[in-house]
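> just the structure for this:
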Amino acid sequence: MTSPLWKPSRYFTEQSLLKKYMEWLFVKKGLYFRDYDDLWDWSITDLDNFWESIYQFFDVQSDTLYREVLDRPAPGAPNWGMIGARWFEGATVNYAGHIFRHKTTQNPALIFQAEGREPLQMSWAVLESQVAAMAAYLYEAGVEKGDRVASVLPNIPEAVVAFLATASIGAVWSSCSPDFGTASIVDRFQQIEPKVLLAIDGYFYNGKLIRKSDTMRELRQQLPSVKNVVWVPYADLPTSERLEGSDLWIDVIQTPNYGLVFEPIPFNDPIWILYSSGTTGKPKAITHSVGGCLLEHLKALGLHQDVRAGERYFWYSTTGWMMWNFSLASMLLGATLVLYEGSPAYPSMNALWDLAERAQIQHFGGGAAYYVACMRGGTNSEPLQPIKTHSLPALRTIGSTGSPLPPEGFRWIYESVKKDVWLISFSGGTDICSGFVGGCPLVPVYEGEIQRRLLGCKLDAFNEKGKPVKGELGEMVIREPMPSMPIYFWNDPDHDRYRNSYFESFPNVWRHGDFIEITKHNGVIIYGRSDATLNRDGVRIGTAEIYSAVESIPEVADSLIVGLELPGGRYFMPLFVTLSDGQTLTDELVNRIRQTIRAKYSPRHVPDAIFQVAEIPYTISGKKMEMPVKKILAGNDPNTVASRDTMRNPDALEGFVAVIHSEMFTEVIG
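Residues are numbered from 1 along each chain as shown. Sure thing, here's the model as predicted:
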């Protein structure tokens, strides 16, 4: 058996909130569970009692009593199963109100750092004052329960203030990061018809100023529903840049008010609207409930990350990624939220580790791509070693998400960051604004494995016959409803887009689109998106395995692989690589790549051809864009396979267009 990279000490286990929850279940409910797996089995078979216990354990406050825990459409109804499920009907809650239960003079509410600057702190008193003023402004603007407030702000305290104010009055929040293109923002916000827009003059990235005033003007013109614009001069540009008729942020947060009041909101009413990546068609406007997110976030951050009052919680994100919403939820547990705005590699790759040291962060999170970049090298391409260059005594957990963290990434964290840290590989998505699989403080961490399926999440791996399997590859499916599943997609009254997104493959079973294995440890390995799965001669392999092998070669900086079904039953599998500075794709390197894949994984999945490209395309949230590349190679117009505005590097697709017109591609594809 493979040795674990980390084991929780007995003290660590006994002090964890998960262990205290299990003890509470025994004392209050008479329920005894031998271990986590025993607890998980109960949580997914007795949904009503499990979720009611979460409601009670975290002392969820409601102005009214709920009538039942779960009301779901009966079998045979058009949407029976998950769509249309109602949780804690009758209860009224307020997400922002639960955050402000933890206000204190002992710890700051927020710590904020902009790239290249020193961290700043915001007290709970200042936060409360600004939220109250912003809420009063929204009332004066005619914003009512259910109205939408849209934001195009960087990851700055003003965004947190605006969200909390929106949530406090029962309006619906929706956010795009300013690095989205204009068309991309319009595609999202036009669907939801916001009444108020928060606009930014500009932001900084890699030490460069990116002006957004023209974008904001164009956006305002294309959103006729907007009645008020709040102008946030983050880049401190001249007043001539200001959007005409907008209200200045400094004036908004001085709006006279009578203090902060939290409106009681029905449990199943919307709190925010998130968006799918929009790689095909208009982005789906995924709408979540206030109570569902409240309950799910208390569970996920409390029991599966062990976040505690007074600790400092950080996750590198933008306001256009669901991890911004998720990290803000750490405040539900009384944590201080740490924000960083800018490039994680400016002025050096150590920028975020410097922040972790200065702010004494207990919980540090980022995308898997960030850790791989650290592992592959900073200055002079030498791997970063924060264990030698930084003092991180407070650091208890390191979180990773966005894409599968390869096994060597696990090793790098324990060898080069901190030996006794709890590594939480976490996977979920915009679809539930939380995780399906993640951390467990009661069990070891094994290389390349996510520790466990989360409580209340009946997740399985299905084979092609729709049967659950263990120890082999399968489709990730969820077989029971969760409170933070979408209540609906905006402007999808018959749930057609909702149903088509998740329930086409298996009746009344949520197919998430990931290719996974449930291991002998009851952990989970994610191999990549199942719609990009490599399947040659019936032998299936996830793209993540290929990347792990290829990117272990020093000359390879990044890679992407797809499988193409060709006429006549042929299967063509090209690999695309970007190389480290100064490297070229020689015959020797091609042979070494092939040999590495053959030796580490499968001779069936040695690529048919290897091409060098300047860049691998990524979404803004850090996911490799395998399906758009696959469609380009199949002859589709590159302008239709992906929304360029949702890409981190939209010009990267041009390299693949060039490949399909090359003699080499024509020759190998026949």
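> what ranges does the stretch 201-350 of the chain have for its strands?
Remark: strands assigned in the stretch 201-350 of the chain by DSSP state E, counting those that start in this stretch are 202-205, 208-211, 228-232, 247-248, 265-266, 270-275, 285-289, 312-315, 336-341.
> which one of these lies nearest to Val196?
strand 228-232 (4.9 Å; CB to CB). Using the backbone N, CA and C atoms, a C-beta is placed for each residue, glycine as well.
> which residues does the closest one contact?
When contacts are defined by CB atoms under 8 Å, 6 or more residues apart in numbering, strand 228-232 is touched by residues 137, 141, 153, 156, 158, 162, 195-201, 216, 220, 242-243, 245-249, 252.
> in helices only, show me those residues.
If you go by DSSP state H, these have 137, 158, 162, 216, 220, 249, 252 in helices.
> from the residues you listed, list the buried ones, please.
With burial judged by 16 or more other CB atoms under 10 Å, the buried subset of those is 137, 158, 162, 216, 220, 249, 252.
> out of those, who's nearest Met82?
Once CB to CB is applied, the member of these that ends up nearest Met82 is Ala162, at 31.4 Å.
> re earlier: and Thr619, which of the strands of the stretch 201-350 of the chain is closest to it?
strand 270-275 (11.5 Å).
> got a list of contacts for the closest one?
95, 146, 148, 163, 167, 172-176, 188, 192, 265, 283-290, 293, 322, 325, 430, 433, 487, 490.
> let's go with 6 Å and repeat that
By CB atoms under 6 Å, 6 or more residues apart in numbering, the list of residues contacting strand 270-275 from outside reads 95, 172-174, 188, 192, 283, 285-288, 290, 293, 322, 430, 490.
> by pLDDT, give me the weakest of these.
For these, the weakest pLDDT value sits at Pro283, with 86.
> pretty sure it contacts Ile192?
No: applying CB atoms under 6 Å as the test, Pro283 and Ile192 come out as separate, 10.9 Å apart.
> shared neighbours of the two, anything?
Counting by CB under 6 Å, 6+ apart, nothing touches both Pro283 and Ile192.
> helices or strands up against the strand of greatest length in the chain?
Under DSSP state E, the strand in the chain containing the largest number of residues is strand 510-518. Counting contacts by 3 or more CB pairs under 6 Å, 6 or more residues apart in numbering; DSSP states H and E, strand 510-518 packs against strand 473-478, strand 524-529.
> which residues of this protein score low on pLDDT?
For the chain, applying pLDDT under 70 flags the ranges 1, 75-81, 278-281, 378-381, 537-540, 567-569, 601-602, 670.
> Glu52 is nearest to which of the strands of the stretch 201-350 of the chain?
Nearest to Glu52 among the strands of the stretch 201-350 of the chain is strand 285-289 (16.7 Å), distances taken as CB to CB.
> could you check the angle that closest one makes with strand 270-275?
Strand 285-289 and strand 270-275 meet at an angle of 150 degrees, taking axes from the mean of the first three to the mean of the last three CA atoms, to 10 degrees as the criterion.
> show me how far strand 285-289 is from its chain's centre.
Computed by CA atoms, centre = their mean, to the nearest Å, the separation of strand 285-289 from the middle of its chain amounts to 15 Å.
> what does stretch 505-518 give?
Counting by CA atoms, centre = their mean, stretch 505-518 comes out at 19 Å from the chain centroid.
> list the buried residues of it.
In stretch 505-518, counting by 16+ other CB under 10 Å, buried: 509-518.
> swap in stretch 123-133?
By neighbour count on 16+ other CB under 10 Å, the buried set for stretch 123-133 is 124, 126-133.
> ok, of the residues you listed, which one's closest to Pro554?
When the buried residues of stretch 123-133 are compared for distance to Pro554 (CB to CB), Leu127 wins out at 46.9 Å.
> for that closest one, give me its contacts.
Contacts of Leu127 (CB under 6 Å, 6+ apart): Ala109.
> need the three-state assignment for it.
helix (DSSP: H, G, I helix; E, B strand; the rest coil).
> state the distance from it to Glu244.
30 Å (CB to CB, to the nearest Å).
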